[in-house]
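In: Sharing a model that was predicted from the sequence below.
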Amino acid sequence: MHAAEGHVATERASRYLVQLCEHIHLVTQANPQMPARAEWSDDRATISFGPGRCVLRAEPSGLSLRAEAPDTDTLDQLKHRIAGRLEQIGRRDGLTVQWVPPASGDHGHDGYDYEHEPNRGIPRWVKITAIIIALTALLVVIMLLVGGGHAPRRHG
């Protein structure tokens, strides 16, 4: 399996992801002989074209893509179709797809899942741990301010 990764810089990644998938869905309904299928949510999508597919993910920095196909010719066709449609949909915003070989040196594998991609920022567990620590500290400060940490003293 051969693969390529791409990125489209946009602040409206989710909008373009959904719009692309809806377009493919409508085209395949009008042309049942076309071997294409799109499955999507607001932030993830898988578009299959016969033996090839493209997995998309809406991120704050833009739209990330991973195209996979059994050979380089099919991969090139898939990249061309996806990029052409995205660039047409986003022509007012000047969208362009920048394709690169996969970062891992891997030429793709079946069942690709973006949850297993290399980290491109702070790992999620670090963010969650930081939030828990901040909330605990806030709770301690609130308890001290309202006097929840001190019992009344009796003199006598």
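Out: Now that the structure is in, tell me what you want to look at. Bear in mind the structure is a predicted one, so any value in this text is a computation, not a measurement. Numbering: from 1, shown residues only.
In: which stretches of the chain form strands?
Out: Secondary structure of the chain (DSSP state E): strands located at 2-9, 36-40, 44-49, 52-59, 62-69, 98-100.
In: out of the ones you listed, which comes closest to A134?
Out: strand 52-59 (23.9 Å; C-beta to C-beta). For every residue, glycine as well, the C-beta is placed using N, CA and C.
In: Could you count how many residues lie near the closest residue to H23 other than its chain neighbours?
Out: Computed as C-beta to C-beta, 6 or more residues apart in numbering, the closest residue to H23 that is not its neighbour in sequence is R85, at 6.6 Å. Neighbour count for R85, taken as other C-beta atoms under 10 Å: 18.
In: Also the one 10 residues further on?
Out: Residues lying near L95 (other C-beta under 10 Å) number 19.
In: if I look at it, how far off is R66?
Out: 17 Å (C-beta to C-beta, to the nearest Å).
In: circling back to that earlier point, residue contacts, the residue nearest to H23?
Out: L20, H23, I24 (C-beta atoms under 8 Å, 6 or more residues apart in numbering).
In: Show me the shaky parts of the chain.
Out: 103-123, 148-156 (pLDDT under 70).
In: residue closest to the middle of it?
Out: R57 (2.2 Å; C-alpha atoms, centre = their mean).
In: what about that residue, distance to L138?
Out: Taken as C-beta to C-beta, the span from R57 to L138 is 32 Å.
In: go on, F49?
Out: Counting by C-beta to C-beta - F49 and L138 are separated by 50 Å.
In: neighbour count winner among the two?
Out: A count of neighbours by other C-beta under 10 Å puts F49 above the other of F49 and L138, at 20 against 10.
In: who's in contact with the residue lying closest to that one once chain neighbours are set aside?
Out: Once flanking residues are discounted, F49 sits nearest to A36: 5.1 Å by C-beta to C-beta, 6+ apart. A36 makes contacts with I24, V27, T28, I47, S48, F49, G50, as judged by C-beta under 8 Å, 6+ apart.
In: Would you list the buried entries among these?
Out: For the contacts of A36, a burial check counting by 16 or more other C-beta atoms under 10 Å picks out I24, I47, S48, F49.
In: you'd agree A38 is up against C21?
Out: Yes - the pair A38 / C21 is scored as a contact, 4.1 Å apart, by C-beta atoms under 8 Å.
In: Scan this structure for its longest helix.
Out: Using DSSP state H to define each element, the chain has its longest helix at helix 124-145.
In: what separates it from the chain centre, distance-wise?
Out: 28 Å (C-alpha atoms, centre = their mean, to the nearest Å).
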